[in-house]
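**Q** structure, please.
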Amino acid sequence: MTGTSQAAALGARLDRLPLSPFHRRLVLALAGMILFEWVETYAFAFVAPALRAQWGLSLSAVAVVAGVSSLGAFAGGIFGGYLADRVGRRRTLLICVSVYCTATALCIVVQNPWQLIVARCTAHFGAQGMAVVAIVVLTEFVPAAARGRLQTYKVAVGSLGPF
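**A** Residues are numbered from 1 along each chain as shown. Modelled structure (predicted):
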């Protein structure tokens, strides 16, 4: 068998497999990751007024913190996909989750706006790298007939984060 026909045979086998507890646990784990990403992203809207009062920040400074966080997410998405192809999906997920958790914890202890910018940018870098790889992991492990539904469940659980 050639490489292409082997890949097609593996894909066909995956599509014939029934959903199992492994698939449910995978969806729950990935949904949990997305949930925490969204919680951290939207929590800033509630923290910003307190930071503005405590540090005497202008609205422009708060906007810079939020904007740089988006740049971190952009870079994390690109780097997460690149790294997943180079070192593997699992290792990349673990790296991105570690970066995200560490940077989010650092957001708690920052002392000035510049530290907050770096911590939030890094947190969003890890979170978006994690989100990009989560999409691919679910696609690679779930039969085609259930992919769309399980991706929707994952995102639906994640979207509970802002609440």
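
**Q** which residues in this structure form helices?
**A** Counting by DSSP state H, residue ranges of the helices within the chain are 3-16, 21-55, 59-87, 89-109, 113-141, 144-158.

**Q** of these, flag the one that's most buried.
**A** Stretch with highest mean neighbour count among the helices of the chain: helix 113-141 (a mean of 21; mean count of other Cβ atoms under 10 Å). Any C-beta I mention is one placed from the backbone N, CA and C, and that applies to glycine too.

**Q** and the helices of the chain as JSON lines, adding mean pLDDT?
**A** As requested, those are exported to JSON lines (pLDDT from 0 to 100):
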{"stretch": "helix 3-16", "mean pLDDT": "73"}
{"stretch": "helix 21-55", "mean pLDDT": "86"}
{"stretch": "helix 59-87", "mean pLDDT": "92"}
{"stretch": "helix 89-109", "mean pLDDT": "93"}
{"stretch": "helix 113-141", "mean pLDDT": "91"}
{"stretch": "helix 144-158", "mean pLDDT": "84"}
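
**Q** just give me the residue closest to the centre of this protein.
**A** Centroid-nearest residue in the chain: Ala131, 2.9 Å away (criterion: Cα atoms, centre = their mean).
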